[in-house]
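[1] Would you be able to build a 3D model of this:
(one chain, ligands or ions: 1)
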Amino acid sequence: MKLPSLNLQILLAAIIGVLVGMYFHTLGTEHQLVKVGLYTAGLAGTLFIDLLKMILIPLVFCSISVGIANLRAHQQMHRVWVTTLIYFTATMMIAISLGLLAANYFKPGSGLHITMFADAMQGFEAKQLPLPEFFAQFLHGLFMNPFEALAKGNVLAVVMFALILGVALVVGGDRFKHLHRLLQEALDITMLIVRWVMYLAPLGIMALLIRLIAVQDVMMLSMLGKFVAVVVGVTLLHGVVVLPLVLYVVTRKSPWWLFHGSREALLTAFATSSSSATLPVTMRCVTQRLHVKPEIAGFVVPLGATINMDGTALYEAIAALFIANLVGVELSFVQQLIVFLTAMIAAMGAPGIPSAGMVTMVMVLQSVGLPAEAIAILLPIDRLLDTLRTTVNVQGDIVGSLVVQKLTLDAPSKVVVAS
Ligand code: ASP
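    Predicted coordinates for the structure are as follows:
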């Protein structure tokens with residue numbers, strides 16, 4: 001019997017995962033079947049994430065350095081840079097603006113009282129994260145011994161070193177052609193390993209979704225109903241309308257084409273809540289299904305996975321206004337402008353791992369004098385909300401690679417292919 005395509009297998013596995021998770025939820029975590037099921041799902045889910053993380057750092061390192069080096073042939077390096085940064089900034093600004101508009105209109109949190117959450121906040125102490133310190137730490141973390149960064153799995157520092165190495169390969173030209181070739185082969189081999197890891201994706205995604213849905217506290221979701229509705233609504237608006245529209249306007253590609261081609265990555269992001277862990281899958285979708293040239297994908301996607309986070313940015317803005325409403329503080333226009341800017345920095349600085357946005361959220365709250373302890377209210381539901389925002393974070397990177405390709409390499413008048 002012929003198996004359905006991997007893309008379809010992953011979709012079916014996700015649906016089964018959600019259904020089984022819901023069934024386990026109704027049985028309760030004390031049920032013997034659920035205990036065994038959750039243990040097995042835990043093993044399979046962790047194995048899948050571990051395999052993705054195993055290949056992540058070699059992939060980031062090789063794809064960025066080779067991506068930059070190969071851009072030499074198009075003499076478009078600086079145009080790709082500039083377009084990528086403009087795209088990242090512009091789409092994050094749109095996401096935050098949508099979040100702020102919706103939060104001002106629907107006022108989530110007003111009508112609730114902070115005392116209702118006294119239990120959740122008790123004993124929770126938020127780690128101080130003032131903006132200047134955060135910024136200094138962020139800058140400091142950009143550059144470090146590359147061997148240490150590779151060994152510790154510090155994605156941002158690996159990205160920065162690989163960028164510099166890529167530029168050095170371009171500048172050095174033929175002098176470093178062997179190293180260039182070696183890195184190219186290393187990249188090809190990492191992509192081959194990603195292909196093998198993907199055979200486990202249906203099982204891994206199903207296992208992760210079973211666990212996620214079976215153990216979540218849905219009560220808390222309903223208590224924060226309006227806030228959750230605003231976050232989900234704006235996140236979907238950005239992911240289903242804004243990003244596909246940007247793609248359509250620039251490339252004339254349809255939303256259906258986008259979703260069909262990126263389904264594996266979007267489902268992996270949803271199930272893992274980690275843009276970094278999803279990165280190998282994102283690279284595969286972008287280069288193999290959406291036909292982005294490896295030199296563009298190799299630059300835009302890993303960089304995007306670490307700094308381009310539309311879902312996180314809009315979430316941080318809505319959450320800040322929610323907490324202001326909860327404690328009865330009306331934020332002025334200027335204060336909302338501060339929220340706008342800090343939400344952007346916080347999203348850029350958040351690593352692509354589960355709930356990273358919650359940590360950098362403290363900085364946004366502190367910037368306008370809101371109590372950082374209030375994020376204790378959001379923590380119990382964060383794992384659920386993180387699924388969607390990570391999916392939109394990843395989708396932003398995918399759309400970014402298509403947009404940047406169209407505006408740079410596909411712009412016919414500018415292409416100069418070196419001999
Ligand atoms: N989990 C998100 C990501 O990996 C970051 C966040 O917590 O917002 O993209």
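
[2] residues near residue 331, how many?
    Neighbour count for residue 331, taken as other Cβ atoms under 10 Å: 20. Bear in mind the C-beta positions are built from the backbone N, C-alpha and C, glycine included.

[3] nope, residue 169 is what I was after
    21.

[4] what about it, distance to residue 227?
    To residue 227, residue 169 is 48 Å away according to Cβ to Cβ, to the nearest Å.

[5] three-state assignment of residue 30?
    Assigned with DSSP: H, G, I helix; E, B strand; the rest coil, residue 30 falls in the coil class.

[6] Any part of stretch 331-347 near the ligand?
    No - taking Cβ under 6 Å from any ligand atom as the criterion, stretch 331-347 and the ligand are apart, separated by no less than 7.2 Å.

[7] mean confidence score for that stretch?
    Averaging pLDDT along stretch 331-347 gives 93.

[8] buried residues in that stretch?
    Across stretch 331-347, burial judged by 16 or more other Cβ atoms under 10 Å covers 331, 335-336, 338-340, 342-347.

[9] How about stretch 226-240?
    226-228, 230-231, 234-235, 237-239.

[10] and what of stretch 203-215?
    Judged by neighbour count (16+ other Cβ under 10 Å), stretch 203-215 contains these buried residues: 203-214.

[11] Going by distance to residue 244, which of the residues you listed wins?
    Distance to residue 244, by Cβ to Cβ, is smallest for residue 205 among these, at 22.8 Å.

[12] That closest one contacts residue 14, correct?
    Yes - Residue 205 lies in contact with residue 14 (Cβ atoms under 8 Å); the separation is 5.5 Å.

[13] Quickly list what's touching both of those two.
    267, 271 (Cβ atoms under 8 Å, 6 or more residues apart in numbering).

[14] Which of the buried residues of stretch 331-347 fall within strands?
    Among those, DSSP state E puts none in strands.

[15] For the host helix or strand of residue 364, enumerate the helices and strands it packs against.
    Using DSSP states H and E, residue 364 sits within helix 356-367. Other helices and strands packing on helix 356-367, by 3 or more Cβ pairs under 8 Å, 6 or more residues apart in numbering; DSSP states H and E, are helix 131-142, helix 310-326, helix 333-349, helix 375-407.

[16] Of all those helices, which one comes closest to residue 191?
    Going by Cβ to Cβ, the one of those nearest residue 191 is helix 375-407, 15.2 Å.

[17] Which element is encountered next along the chain beyond the helix or strand hosting residue 235?
    In this structure, residue 235 sits in helix 225-236 according to DSSP H and E. Downstream of helix 225-236, the first helix or strand assigned by DSSP H and E is helix 243-251.

[18] now that next one, how far from the chain's geometric center?
    From the chain centre to the centre of helix 243-251 is a distance of 19 Å (Cα atoms, centre = their mean, to the nearest Å).

[19] average pLDDT across the helix or strand following that helix?
    Downstream of helix 243-251, the next assigned helix or strand under DSSP H and E is helix 255-272. The average pLDDT within helix 255-272 is 95.

[20] Show me what counts as buried in helix 255-272.
    Buried, per 16+ other Cβ under 10 Å, within helix 255-272: 257-258, 261-272.
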